[in-house]
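Asker: Pasted the sequence and its predicted model underneath.
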Amino acid sequence: MASTIHLEGTTLEGGGQLLRIAIGLSSLTQTPLNITNIRGKRSRGGGLKAQHLTSVQWLAQASNAQLSGAGLKSKEITFAPSTKESKTEKYLKCDTQISQDTPGSINLVFQAILPYILFSGAKYSVKVRISGGTNVSNSPSYDYISQVLLPTLSLIGIAEIKSQVHSRGWSQGGTTLGSITYTVTPLTQPLPGFTLTTRGDIKSVKATILAPKACEEHFKNELNVMFDRRGTAIFGDRESEIDISFEDSLHDKRFYLLLVATTTTGVKLGRDWLYDRGVKAGKLEMVLSSMAKKVFGDLIAEIEHGGCADEFLRDQLVVFQALAKGRSEVDGGRRKGVLVEPSLHAKTAQWVVNEMIGVEFDDDGACKGIGFGSEDEDETIEEEELRQSFAILDVAQAR
Ligand SMILES: Nc1ncnc2c1ncn2[C@@H]1O[C@H](COP(=O)(O)OP(=O)(O)OP(=O)(O)O)[C@@H](O)[C@H]1O
């Protein structure tokens, strides 16, 4: 049996993403895992929030893992997947519900469980209905997942993930919970290494607005003004293809805007903003115009670096690069001729995959993945273990 890997939860970003990636990889590789100081860099002492606990418990059930220490606010857990059976089918149900009774981000739960389902080897589609928040600050919204992440996964060879939003749930103070169903078809072959390095020209931009119905015209006008002003920075002198969609947020304090640029090579770049406070009388115009300016500015910065992934997508692709077979590269772009540094979230994701499965990333955002599920995967892991023990020997000799 593999020895337990220990991760220190304060490393780098020190948030929930470290836990999500680690538990997903532990379940897949059946490697026991111990995490201390979970979310150690977050305020109020860190520990597991409901959303994290839900993900850990679901993965423990799906991989038949022994879980100890897990509870709300827990700072240390040990997760030991069963190594006796590899028959995922027994525990990974084809139709499953994950219910949260708080508006914790549905999409962060999805982020935690997706690699496990995709690479589980199960021979049936897995339908997961998750309740909680669909649009929550500092996490991917439903709209971002369905318009940026899933089309990108399709571009790199993971075609079969369908999404359906049943109702919206907003972070903080929302009265109703939202729910989404994701239907995932597990891979039947190892994921081939992929490159996202050819950006292409911006072909179209889709704007998604969620806001109280009364401000529909107003919000759309703000966006049209911004497209007039900043269209050249987006499209250059090419024809602009613009689509603006509006959905009633059914909440007088919830305003959300997502802009997604699609390029001629199918690359998606997205930026969004959620404003979830009240708007004082006479201030609506200012709020909508500030939102529009901010999201346009952020999207244009993503377009100008010329890379193939926005800041958030970059960290969300790391685990897929690490599990794919052979070399994968995601171009994060350049500013003033210098490579755009990965965000702290992306560096954390890269650190976790290195600790868990020995995959190293270079400065270009490339790595050699282990080819999870392929016949020679054991060899790749063994080679890596051997390499690491030589590295330890080298260090010992140097002392
Ligand atoms: N606006 C956004 N659009 C898309 N993805 C986002 C956005 N904001 C954050 N994310 C993604 O959400 C994840 C947040 O990870 P993080 O570790 O902060 O999670 P967390 O579970 O909320 O932890 P914590 O509560 O500890 O902050 C990252 O993968 C990041 O890329």
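Answerer: Cool, got the structure.
Asker: how near is the residue in the chain that the ligand sits nearest to to Gly47?
Answerer: For the chain, the residue closest to the ligand is Gly16, as judged by Cβ to the nearest ligand atom, at 2.2 Å. In this view, the C-beta of every residue, glycine as well, is placed from N, C-alpha and C. Going from Gly16 to Gly47 by Cβ to Cβ, to the nearest Å gives 10 Å.
Asker: ok so, going back, now do the same for the residue of the chain closest to the ligand: its pLDDT.
Answerer: pLDDT recorded at Gly16 is 97.
Asker: residue contacts, the most centrally placed residue in the chain?
Answerer: The residue lying closest to the centre of the chain (Cα atoms, centre = their mean) is Gln316, at 3.8 Å. Listed by Cβ atoms under 8 Å, 6 or more residues apart in numbering, the contact partners of Gln316 are Gln111, Pro140, Leu149, Ala349.
Asker: Look up which helix or strand the nearest residue to Tyr256 once chain neighbours are set aside falls in, please.
Answerer: In this structure, Tyr256 finds its nearest non-sequential neighbour in Leu210, 4.1 Å apart by Cβ to Cβ, 6 or more residues apart in numbering. Element membership for Leu210 (DSSP states H and E) is strand 202-211.
Asker: Return the distance of the next helix or strand after that strand from the chain's centre.
Answerer: Next along the chain after strand 202-211, taking DSSP H and E as the criterion, comes helix 216-235. How far helix 216-235 lies from its chain's middle: 28 Å, per Cα atoms, centre = their mean, to the nearest Å.
Asker: What residues does Asn34 make contact with?
Answerer: Thr4, Ile5, His6, Leu7, Glu76, Ile77, Thr78, Phe79.
Asker: May I ask which two of those residues are separated the most?
Answerer: Ile5 and Glu76 (13.9 Å; Cβ to Cβ).
Asker: Those two: which has the busier surroundings?
Answerer: The neighbour comparison of Ile5 against Glu76 (other Cβ atoms under 10 Å) goes to Ile5, with 19 against 15.
Asker: hang on, isn't that one packed against Leu33?
Answerer: Yes - the pair Ile5 and Leu33 qualifies as a contact (Cβ atoms under 8 Å) at a distance of 5.3 Å.
Asker: Need the overlap of contacts for those two.
Answerer: Contacts common to Ile5 and Leu33, judged by Cβ under 8 Å, 6+ apart, are Ala22, Ser26, Met356.
Asker: count of neighbours near the second one?
Answerer: Read it as Ser26. 28.
Asker: cool, Ala301 as well?
Answerer: Neighbours of Ala301 (other Cβ under 10 Å): 17.
Asker: ok, the shared contacts of Ile5 and Leu33 vs Met226, which is closest?
Answerer: Closest approach to Met226 among the shared contacts of Ile5 and Leu33 (Cβ to Cβ): Ala22, at 40.3 Å.
Asker: Got phi/psi on that closest one?
Answerer: The phi and psi torsions at Ala22 (degrees, to the nearest 10) take the values phi -60, psi -40.
Asker: In this structure it contacts Thr36, no?
Answerer: No - under the criterion of Cβ under 8 Å, Ala22 is not in contact with Thr36, lying 11.8 Å apart.
Asker: need the contact list for His305.
Answerer: Applying Cβ under 8 Å, 6+ apart, the residues near His305 are Gly332, Gly333, Arg334, Arg335, Val340.
Asker: could those residues go into CSV alongside secondary structure?
Answerer: What follows is these, written out as CSV (DSSP: H, G, I helix; E, B strand; the rest coil):
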residue, secondary structure
Gly332, coil
Gly333, coil
Arg334, strand
Arg335, strand
Val340, coil
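Asker: Mind giving me the ChimeraX command for buried ones among those?
Answerer: To isolate the buried members of these in ChimeraX, using 16 or more other Cβ atoms under 10 Å:
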select :332,333,340
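Asker: quick one: which of the contacts of His305 is nearest to Glu216?
Answerer: Taking Cβ to Cβ as the measure, Glu216 lies nearest Gly333 of those, at 34.2 Å.
Asker: that older thread, Gly16 and Gly47: which has the busier surroundings?
Answerer: Neighbours per residue (other Cβ under 10 Å) separate Gly16 from Gly47, with Gly16 holding more: 24 against 19.
Asker: Can you name the residues of this structure that neighbour the ligand?
Answerer: Counting by Cβ under 6 Å from any ligand atom, the chain comes close to the ligand at 13, 15-17, 39, 42, 108, 138-140, 144, 272, 312, 315-316, 345.
Asker: so what's Val148 up against?
Answerer: Val260, Lys268, Leu269, Gly270, Asp310, Leu313.
Asker: how many neighbours does the closest residue to Glu311 other than its chain neighbours have?
Answerer: Leaving aside its sequence neighbours, Glu311 sits nearest to Ser343 (Cβ to Cβ, 6+ apart; 5.2 Å). The tally of other residues near Ser343 (other Cβ under 10 Å) stands at 16.
Asker: Got the phi and psi for Ser343?
Answerer: Phi and psi for Ser343, reported as degrees, to the nearest 10, are phi -70, psi 170.
Asker: What are the structural domain limits within this protein?
Answerer: Taking automatic domain parsing as the criterion, the chain consists of the domains 5-192+317-390, 200-304.
Asker: Run through who's touching the strand holding Leu210.
Answerer: In this structure, residues lying in contact with strand 202-211 by Cβ under 8 Å, 6+ apart are 135, 143, 147, 168, 216, 219-220, 223, 227, 234-236, 238, 240-249, 254-264, 288, 299, 303.
Asker: Among those, which ones are in strands?
Answerer: Among the contacts of strand 202-211, the members found in strands (DSSP state E) are 241-248, 255-263.
Asker: Using ChimeraX, make a named selection holding only the buried ones among the residues you listed.
Answerer: A single ChimeraX command selects the buried members of the ones in strands among the contacts of strand 202-211 (16+ other Cβ under 10 Å):
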select :246,255,256,257,258,259,260,261,262,263
